[in-house]
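Engineer: Need the 3D shape of this:
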Amino acid sequence: ADQNGPLADPAAPPPNPGVLTVLPAADTTAPSVPQNLRVTDWGTDFIALAWDASTDDTGVYAYDLYRSEGGAAVKVARVLAPATTYTDTAVTSGTTYTYTLQALDSFFNFSADSAPVSQTAEAKMVQVTFRVRVPDYTPGTVYLAGDLPGLPQWDPGATAMTQVSDNPDIWEYTLTLPDGTQAMYKYTRGSWDTVEQWRSISGLANRSLTVAYGADGTQLVDDTATDWGNGPDEHKAVQYWRDPLVVSVAPADGAIGVDAATAITVTWSVTMSAGTTFDVADRWGTPVSGTFTVTSDAHSVVFIPDTPLTVGETYQVSVSGQTSAGGDVQQVPALWAFQVGWRAILPLIFR
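Structural biologist: Got it, this is the predicted structure:
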């Protein structure tokens, strides 16, 4: 077509052509270069970016985002102002991308490129530290068991924790896990017979966590609180182990000058069955006969000899294979000795 209307032969030169006049833009000043282009989040299927807003004498119209994979950069988005964020979802897991940004105004004046930023489309990894408090009578090593990626699955004796030097009741273990991982776990002393068992953390019920990258890619799983019964159990300290443990004895191991009429007491970590006993013998292995009584709270067992113990004799007490009120069997034997009467008669000997 020309100024006379449609042409009969579109291929022929127009007899009365028009004139197109292009006027220079009133504004020739480009916006400022975008600053602080940065990656704010990422995963295997996205990379999120943000930047500080540019300035311009007539106003910023948009931002053009360019991406390269090691070669020439290609524009992947035009983000209209005032937005200063963009999430790139057209990514391939494991690929590293480099981004730059230009600002433009409504007169199509373009800024110079921003400083580049690079990021690989991959799962964020988090350094997760498990920290647990255990009862002060806990023997041996504490282990972490669960379905945590990278560890033997639900093996109660595979992943030993480290005892904190300035607090022997605290144990820790650190590993790296993908952000967003959901897992279950428990603490053990090397077997399922010596696993933690208390309140809701019992039987098939486990502790749980969701891994979160947070501000710096570290996460503390703090299982040290001792306010049992106040809130959920899953991030409290271990209150009890499954197997009954001897937590204190009287007379104490190595005691001397013990009264010949003494009773012998064993205190347990959990309530015990009515038939709980232990063995008492002199240095020659001769058994001491007597009567056993379980205290009203079922945590202590008291042995009263039928006759007074022999002054000057050393007695050995051994406790093994006993069963708790819940039917769990003692896994850690207890053995100790004490001596009767010498403390009282030594001053007479040396007179």
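
Engineer: CA only for contacts and neighbour counts going forward, please
Structural biologist: Noted.

Engineer: Burial check on V221, number of neighbours?
Structural biologist: Using other CA atoms under 10 Å, V221 has 17 neighbouring residues.

Engineer: Spell out the secondary structure type for the residue nearest to it when sequence neighbours are not counted.
Structural biologist: Leaving aside its chain neighbours, V221 sits nearest to F130 (4.8 Å; criterion: CA to CA, 6 or more residues apart in numbering). Put simply, F130 is strand when judged by DSSP: H, G, I helix; E, B strand; the rest coil.

Engineer: Touching, F130 and I170? I think so.
Structural biologist: No: with contact defined as CA atoms under 8 Å, F130 does not reach I170; the gap is 10.3 Å.

Engineer: Neighbours of D27, how many?
Structural biologist: D27: 13 neighbours (other CA under 10 Å).

Engineer: Same drill for F130 and I170, tell me which one is more crowded.
Structural biologist: I170 (21 against 17).

Engineer: ends of stretch 169-184, how far apart?
Structural biologist: This stretch, stretch 169-184, spans 22 Å end to end (CA to CA, to the nearest Å).

Engineer: On the strand side of things, show who Y99 bridges to.
Structural biologist: In this entry, Y99 is beta-bridged to R67, V117, by DSSP bridges.

Engineer: Now do it against Q119, distance only.
Structural biologist: Y99 is 9 Å from Q119, where distance means CA to CA.

Engineer: who has more neighbours, these two?
Structural biologist: Y99 (24 against 19).

Engineer: Quick check: the more buried one vs L7, distance?
Structural biologist: Per CA to CA, Y99 is found 49 Å from L7.

Engineer: doesn't T194 make contact with K186?
Structural biologist: No: with contact defined as CA under 8 Å, K186 and T194 do not form a contacting pair (11.1 Å).

Engineer: Surely L177 forms part of a strand?
Structural biologist: Yes: assigned with three-state DSSP, L177 falls within a strand.

Engineer: For the residue nearest to V221, list the residues it contacts.
Structural biologist: Counting by CA atoms under 8 Å, 6 or more residues apart in numbering, F130 makes contact with 172-174, 220-223.

Engineer: Over to G254?
Structural biologist: Contacts of G254 (CA under 8 Å, 6+ apart): 336-339.

Engineer: Apply 6 Å and report the result again.
Structural biologist: Taking CA atoms under 6 Å, 6 or more residues apart in numbering, we find G254 in contact with 337-338.

Engineer: May I have the secondary structure class of it?
Structural biologist: coil.

Engineer: F278: how many residues sit nearby?
Structural biologist: 19.

Engineer: just checking, it touches S320?
Structural biologist: No: counting by CA atoms under 6 Å, F278 does not reach S320; the two are 7.2 Å apart.

Engineer: Okay, T120 and A212: tell me how far apart.
Structural biologist: Taking CA to CA, one finds T120 at 19 Å from A212.

Engineer: per-domain residue ranges of the chain.
Structural biologist: Annotated domains of the chain cover 35-120, 125-223, 246-347 [automatic domain parsing].
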